[in-house]
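Trainee: the following comprises the amino acid sequence and a computationally predicted model.
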Amino acid sequence: MQNIAEITLDNAQSLLIDESFNRLVVVDFWADWCAPCKALMPILEKLASEYQGAFLLAKVNADEQNMISSQFGVRSLPTVILI
């Protein structure tokens, strides 16, 4: 069972929606240019490793996956959503 996943349009349904029926999914919307995102990500990754699969850390690059970001109503970064 994976602890951390990069989300794309191809795997969004299975990793965000379907997986949320089995365990908590922490969705982290980030971008390369976002300094607070770069500060938050190592903390979330450390928690995902420590909790050993109790939740899935789903990382969404908001610039590359803007369709997913807009579906979730993301207006600023970083944004973290629990599903």
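Mentor: Structure received. What you see is a predicted model; the values in this text were computed from it and never measured.

Trainee: need the contact list for Ile68.
Mentor: 7, 9, 12, 60 (Cβ atoms under 8 Å, 6 or more residues apart in numbering). All C-beta atoms are positioned from the backbone trio N, CA, C, and that covers glycine.

Trainee: the top helix by length along the chain - contacts with which helices or strands?
Mentor: Counting by DSSP state H, the longest helix found in the chain is helix 35-50. Applying 3 or more Cβ pairs under 8 Å, 6 or more residues apart in numbering; DSSP states H and E, one finds that helix 35-50 contacts strand 4-6, strand 24-30, strand 55-61.

Trainee: next, the buried residues of the first one.
Mentor: The one in question is strand 4-6. Ala5 (16 or more other Cβ atoms under 10 Å).

Trainee: show me what that strand is packed up against.
Mentor: By 3+ Cβ pairs under 8 Å, 6+ apart, strand 4-6 packs against helix 35-50, strand 55-61.

Trainee: now the angle from the longest one to strand 24-30?
Mentor: Using axes from the mean of the first three to the mean of the last three Cα atoms, to 10 degrees, one finds that helix 35-50 and strand 24-30 are set 150 degrees apart in direction.

Trainee: hmm, back to that, most neighbours, which of the contacts of Ile68?
Mentor: Compared across those, Val60 has the highest neighbour count, 25 neighbours, by other Cβ atoms under 10 Å.

Trainee: give me the contact list for the longest helix of the chain.
Mentor: 3-4, 26, 28, 30-31, 55-57, 59, 77-78, 80.

Trainee: export those to TSV and tack on distance to Ser49 and pLDDT?
Mentor: Listed next are these as TSV, based on distance: Cβ to Cβ, whole Å; pLDDT from 0 to 100:
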residue	distance to Ser49	pLDDT
Asn3	6	96
Ile4	8	97
Val26	13	98
Asp28	14	98
Trp30	18	98
Ala31	23	98
Phe55	11	98
Leu56	12	98
Leu57	9	98
Lys59	14	98
Leu77	23	98
Pro78	19	98
Val80	17	98
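
Trainee: cool, thanks, signing off.
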